[in-house]
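1. Compute the structure for the input listed below.
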Amino acid sequence: MSALHPSPKTLLRALLDAAIASAQPARVLSAHLPDLPRGRTVAVGAGKASAAMARALEESWTGPLSGLVVTRYGHAVPTRHIEVVQASHPVPDESGERAARRMLDRVAGLTPDDLVICLLSGGGSALLPLPAAGLTLADEQEVSRALLRSGATIAEMNCVRRHLSAIKGGRLAAACHPARVVTLAISDVPGDDPVAIASGPTVPDPTTCADALAVARRFGVELPPAARALLESGRGETVKPGDPRLAAATFELVATPQMALEAAAELARRAGIPAHILGDAIEGEARDVGTVMAGIALQVARRGQPFRPPCLLLSGGEATVTVRGEGRGGRNVEFLLGLARGLAGYPGIHALAADTDGVDGAAEVAGAYLGPDSVARALAGGTKLADSLAANDGHGFFGTLGDAVVTGPTLTNVNDFRAILVTGPGGS
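-> Got it, this is the predicted structure:
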């Protein structure tokens with residue numbers, strides 16, 4: 001390792017920090033702001049980065065400004081003109097529901113001369129709950145809990161959420177009509193699909209109630225009776241492409257997982273280590289993704305294919321976890337457990353995986369570091385890798401080793417960050 005990065009663990013953490021820094025709203029938002037309107041400017045938004053985005057907007061906007069955004073508890077920052085409300089994630093709560101109703105009130109009665117700037121980031125689906133007519137917040141909470149445990153992808157989960165909502169799936173933009181709507185988004189979803197980011201409150205949705213029902217059936221999600229009736233009747237249909245109420249709505253990405261991976265790769269190269277981005281939209285069961293990545297890392301270490309060590313293998317995306325145990329974990333630590341199982345202590349391979357928002361699963365832990373000796377150290381302390389996998393207890397496994405990665409709220413969210421350092425045959 002270079003003098004700048006004296007250890008693999010230090011280097012990997014620096015790469016994570018670079019990825020997070022590249023997606024900070026204060027760095028990326030101002031280049032995407034629209035022109036001042038003739039009328040009012042109202043800012044609305046939701047997500048773990050929405051408060052930081054609101055502050056960045058205030059610092060660059062030269063005209064009058066008001067509005068409301070909702071973010072996760074602990075992710076608020078001071079603002080002057082835009083109100084910040086905090087609510088629960090990943091399961092919605094009453095604070096988020098009240099904020100959603102007030103948001104619709106804020107955009108009611110606007111004119112074609114007015115401008116709505118919508119600030120969206122990951123987490124917006126849970127933070128902006130507004131049950132469709134005939135549903136309750138308890139119904140949304142029940143569905144959210146079931147989806148989170150089901151193993152469904154974020155796109156599949158948000159398909160269901162859109163069709164049970166009174167604000168998602170283009171409905172927020174429709175409520176702003178005839179005002180111009182400019183959405184500025186930080187993507188946390190594989191493929192950067194606008195309809196999946198915060199469940200697409202300002203974009204048309206091509207999916208249907210039938211699609212939402214199919215997701216529920218595929219993953220064995222028991223829908224509350226009122227929710228099932230809403231979907232089966234078609235009353236939950238979202239705003240579709242071509243709807244004239246969205247004619248004045250535009251959508252722009254200001255930060256993405258790919259941009260964050262490129263920032264990490266550049267830092268690695270400056271440290272003298274070749275970096276290779278394997279993909280920014282890798283999905284699948286987290287432990288299985290880890291096993292596949294272990295196979296790639298071993299081929300690099302043993303055969304020098306497809307890259308010669310030393311090198312870094314970077315990837316992003318959003319894996320899923322089908323929860324069967326009662327442990328504490330998230331998709332990044334579950335990925336690392338699968339990676340550890342596949343590597344079997346092979347020397348010279350180190351890894352770090354973390355959620356760029358600072359929260360992996362429901363714990364205030366971003367992810368963890370895995371070294372060649374991690375499994376042996378855990379076993380010496382009485383913890384078996386197989387037991388931790390069976391219990392979905394990644395946080396417990398890495399916490400006992402002192403290898404949890406804790407960032408605190410990062411105020412951005414560009415999905416999962418995975419870095420595998422292969423130092424070479426016989427490396428340490």
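2. I'd assumed Leu421 was in a strand, is it?
-> Yes: according to DSSP: H, G, I helix; E, B strand; the rest coil, Leu421 belongs to a strand.
3. Relative to Val69, how far out is it?
-> 37 Å (C-beta to C-beta, to the nearest Å). Where C-beta positions appear, they are placed from N, C-alpha and C, glycine not excepted.
4. With neighbour numbers in mind, choose between the two.
-> Comparing Leu421 with Val69 by other C-beta atoms under 10 Å, the one with more neighbours is Val69, at 32 against 27.
5. From the chain's centroid, how far away is stretch 413-428?
-> Relative to its parent chain, stretch 413-428 has a centroid offset of 20 Å by C-alpha atoms, centre = their mean, to the nearest Å.
6. likewise stretch 197-215?
-> That offset, for stretch 197-215, works out to 18 Å (C-alpha atoms, centre = their mean).
7. what mean pLDDT does it have?
-> Averaged across stretch 197-215, pLDDT comes to 98.
8. before we move on, what about stretch 335-352?
-> In the prediction, stretch 335-352 has an average pLDDT of 98.
9. ditto for stretch 178-188
-> 98.
10. how far does the single longest helix found in the chain sit from the chain's center?
-> Taking DSSP state H as the criterion, the chain has its longest helix at helix 286-303. Offset of helix 286-303 from its chain centre (C-alpha atoms, centre = their mean): 24 Å.
11. Report all helices and strands that the next helix or strand after it contacts.
-> As assigned by DSSP states H and E, the chain's next helix or strand after helix 286-303 is strand 311-317. Using 3 or more C-beta pairs under 8 Å, 6 or more residues apart in numbering; DSSP states H and E as the contact criterion, the neighbours of strand 311-317 among helices and strands are helix 257-270, strand 275-282, helix 286-303, strand 416-422.
12. May I see the buried residues of the third one?
-> To tie it back to what came earlier, the one meant is helix 286-303. Going by neighbour count (16 or more other C-beta atoms under 10 Å), the buried part of helix 286-303 is Ala286, Arg287, Val289, Gly290, Thr291, Met293, Ala294, Ile296, Ala297, Leu298, Val300, Ala301.
13. between those, which is closest to Ala21?
-> Using C-beta to C-beta, Met293 comes nearest to Ala21 of the buried residues of helix 286-303, at 24.4 Å.
14. Mind splitting this structure into its structural domains?
-> What automatic domain parsing lists as the domains of the chain is 8-21+258-422, 26-255.
15. for Val359, helix, strand, or coil?
-> coil.
16. Hmm, Ala366 and it touching each other?
-> Yes: using C-beta atoms under 8 Å, Val359 is in contact with Ala366, at 6.9 Å.
17. What are the boundaries of the helices in the stretch 1-150 of the chain?
-> 8-22, 25-28, 50-60, 94-107, 124-127, 137-150 (DSSP state H, counting those that start in this stretch).
18. The nearest residue to Ala132 once chain neighbours are set aside: neighbouring residues, count only.
-> The shortest distance from Ala132 to any non-neighbouring residue, by C-beta to C-beta, 6 or more residues apart in numbering, is to Ala166 (5.0 Å). If you count neighbours by other C-beta under 10 Å, Ala166 ends up with 18.
19. what residues are up against Ala166?
-> Ala100, Leu130, Pro131, Ala132, Ala133 (C-beta atoms under 8 Å, 6 or more residues apart in numbering).
20. I'd like the residues you listed as CSV, with pLDDT and distance to Ala210 appended.
-> Below are those laid out as CSV (pLDDT from 0 to 100; distance: C-beta to C-beta, whole Å):
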residue, pLDDT, distance to Ala210
Ala100, 98, 25
Leu130, 98, 22
Pro131, 98, 20
Ala132, 97, 16
Ala133, 96, 19
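21. Please enumerate the strands of the stretch 151-300 of the chain.
-> 180-186, 249-255, 275-282 (DSSP state E, counting those that start in this stretch).
22. Determine which stretch of those strands is the most buried.
-> Of all the strands of the stretch 151-300 of the chain, strand 180-186 has the most neighbours on average by mean count of other C-beta atoms under 10 Å, namely a mean of 27.
23. Can you name every helix or strand that it contacts?
-> Strand 180-186 packs on strand 115-120, strand 249-255, going by 3+ C-beta pairs under 8 Å, 6+ apart.
24. and the first one, what does it pack onto?
-> Strand 115-120 is packed against strand 41-46, helix 50-60, helix 171-176, strand 180-186, with contacts defined by 3+ C-beta pairs under 8 Å, 6+ apart.
25. could you check the angle strand 41-46 makes with the longest one?
-> Orientation check (axes from the mean of the first three to the mean of the last three C-alpha atoms, to 10 degrees): helix 50-60 against strand 41-46 gives 160 degrees.
26. Kindly report the same for the last one.
-> Here the directions of strand 180-186 and strand 41-46 differ by 40 degrees (the same axes, to 10 degrees).
27. what's in contact with strand 180-186?
-> For strand 180-186, using C-beta under 8 Å, 6+ apart, the contacting residues are 23, 25, 28-29, 32-34, 37, 47, 49, 53, 112, 114-122, 173, 194, 197-198, 202-203, 246, 248-256, 412-414.
28. Fine by me, we can end here.
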